[in-house]
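> 3D, please:
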Amino acid sequence: MSNITFDFSGNNYIITGASSGMGRQVAEELAKAGANVLAIARRKEKLEELKSTFPEHITVGELDVCQVDKLKQCMIEFVNHKGKFSGAVHAAGISGITPIRAYDSMLARNIMDTSFWAGIELTQLLVKKKYSVDGASIVWFSSVYSISCARGMFAYSAAKAAANAALKSIAKEINNRNQRINSIMPGWVDTGMTQSLATVSKIDEIISHELLGIGKPTDVSGMILFLLSDRAKWITGTTIPVDGGYLA
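Got it, this is the predicted structure:
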């Protein structure tokens with residue numbers, strides 16, 4: 001069986017939610033492939049740990065991705081130092097149980113702000129000529145729950161479904177510079193966030209839907225790198241399941 005490798009030497013990317021889970025995996029693989037990465041997250045110690053693995057290729061930005069002014073300033077500083085972005089990955093997101101009969105409205109709004117509106121703000125900044133090159137590729141993290149909605153998780157499902165719908169419109173606005181935007185729908189991947197959800201979810205029922213078993217971040221990152229690469233230059237405005245057969 002052959003392995004697929006990518007060469008992103010000289011390319012620059014911004015990754016949100018880069019301190020852990022799938023976002024971190026993507027940041028590490030891009031850096032390993034020669035890219036310069038602006039890793040955005042809230043946890044300073046995790047970011048510094050990430051930077052220590054590839055100090056020449058990873059720049060960190062400690063901020064909440066919903067803080068648009070700080071995000072913009074961080075992007076400006078990076079572009080001034082490293083050059084324009086070749087793409088972005090919006091992996092930041094939060095989850096939680098939001099049953100309709102007794103949901104936490106603040107949690108529900110935070111889920112939407114982080115998963116959806118922060119992605120919109122990041123995209124709006126990145127597609128500007130002063131921040132990105134022609135042909136830049138943007139990838140958002142959606143979820144199988146945008147289609148197969150879980151009980152008590154309407155806010156999370158709605159945020160991911162909104163992302164899938166919005167990118168179809170955005171793709172039609174940014175194609176004049178051959179820029180692209182897509183999303184992926186991971187299934188149940190073993191990360192810190194899903195481990196916390198497993199305590200309140202019917203984990204046995206979830207596992208039964210995963211035909212190829214529970215996924216790992218490395219099972220998802222390959223599709224992200226493909227969508228960022230030139231081999232995907234004819235793919236835009238679409239959502240791709242990477243779910244171990246969950247939606248089959």
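
> what's the first-to-last distance across stretch 85-95?
Using CA to CA, to the nearest Å, the span of stretch 85-95 from its first residue to its last is 28 Å.

> now stretch 56-73
For stretch 56-73, the separation between the terminal residues is 21 Å (CA to CA).

> Contacts for that stretch next, please.
Under the contact criterion CB atoms under 8 Å, 6 or more residues apart in numbering, stretch 56-73 has outside partners 16-18, 27, 30-31, 34-44, 47-48, 50-51, 74, 78, 81-82, 90, 92, 113-114, 117-118, 121-122, 125. (C-beta placed from N, C-alpha, C; glycine too.)

> Now find how far off-centre that stretch is within its chain.
14 Å (CA atoms, centre = their mean, to the nearest Å).

> just to revisit the earlier point, in PyMOL, select just the buried ones from the contacts of stretch 56-73.
Restricted to the buried members of these, where burial is judged by 16 or more other CB atoms under 10 Å, the PyMOL selection command reads as follows:
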select buried, resi 16+17+18+27+30+31+35+36+37+38+39+40+41+47+50+51+74+78+82+90+92+113+114+117+118+121+122+125
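
> Among the contacts of stretch 56-73, which ones are in helices?
Assignment to helices by DSSP state H places the following of the contacts of stretch 56-73 there: 27, 30-31, 44, 47-48, 50-51, 74, 78, 81-82, 118, 121-122, 125.

> how about the nearest residue to residue 48, chain neighbours excluded?
Sequence neighbours aside, residue 60 is the residue nearest to residue 48 in space, at 6.8 Å (criterion: CB to CB, 6 or more residues apart in numbering).

> And that neighbour, how far from residue 211?
Distance check for residue 60 against residue 211: by CB to CB, to the nearest Å, it reads 37 Å.

> Residue 43 now?
Distance of residue 43 to residue 211, given as CB to CB: 34 Å.

> same check, this time on residue 165
Residue 165 sits at a distance of 27 Å from residue 211 (criterion: CB to CB).

> How is the residue of the chain positioned farthest from its centre assigned, secondary-structure-wise?
With CA atoms, centre = their mean as the measure, the chain has its most outlying C-alpha, relative to the mean C-alpha position, at residue 101: 30.2 Å. Classification of residue 101 by DSSP: H, G, I helix; E, B strand; the rest coil places it in coil.

> Isn't residue 149 up against residue 157?
Yes: in terms of CB atoms under 8 Å, residue 149 counts as a neighbour of residue 157; the distance is 4.1 Å.

> Those two: which has the busier surroundings?
For the pair residue 149 and residue 157, the greater number of neighbours falls to residue 157 (19 against 16), based on other CB atoms under 10 Å.

> What lies in contact with the helix or strand containing the more buried one?
Of the helices and strands defined by DSSP states H and E, residue 157 is found in helix 154-174. Outside helix 154-174, the residues that touch it by CB under 8 Å, 6+ apart are 93, 95-96, 98, 100, 103, 107-108, 111-112, 114-116, 119-120, 123, 127, 140, 142-143, 145-147, 149-150, 180-183, 185, 236-237, 239.

> longest strand in this protein, by residue count?
strand 132-141 (DSSP state E).

> Counting by contacts, list what that one packs against.
The criterion is 3 or more CB pairs under 8 Å, 6 or more residues apart in numbering; DSSP states H and E, and the helices and strands that strand 132-141 contacts are strand 85-90, helix 118-126, strand 180-186, helix 217-228.

> so what does the second one touch, helix or strand wise?
Packed against helix 118-126, as judged by 3+ CB pairs under 8 Å, 6+ apart, are the following elements: strand 12-16, helix 68-82, strand 85-90, strand 132-141, helix 154-174.

> Spell out which residues sit in contact with residue 14, please.
Counting by CB under 8 Å, 6+ apart, residue 14 makes contact with 37, 38, 40, 75, 78, 85, 88, 89, 122, 126.

> mind saving the C-alpha coords of stretch 32-44 as PDB?
Extracted in PDB, the C-alpha atoms of stretch 32-44 (Å, rounded to 0.1, in the frame of the first residue of the first chain):
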ATOM      1  CA  LYS A  32       5.800  18.800   8.600                       C
ATOM      2  CA  ALA A  33       5.000  19.300   4.900                       C
ATOM      3  CA  GLY A  34       6.900  22.600   4.900                       C
ATOM      4  CA  ALA A  35       4.100  25.100   5.400                       C
ATOM      5  CA  ASN A  36       4.200  28.100   7.600                       C
ATOM      6  CA  VAL A  37       1.200  27.900  10.000                       C
ATOM      7  CA  LEU A  38      -0.500  30.500  12.100                       C
ATOM      8  CA  ALA A  39      -2.100  28.400  14.900                       C
ATOM      9  CA  ILE A  40      -5.000  30.100  16.700                       C
ATOM     10  CA  ALA A  41      -6.500  28.800  20.000                       C
ATOM     11  CA  ARG A  42      -7.200  30.000  23.500                       C
ATOM     12  CA  ARG A  43      -4.900  27.700  25.500                       C
ATOM     13  CA  LYS A  44      -1.500  29.200  25.700                       C
END
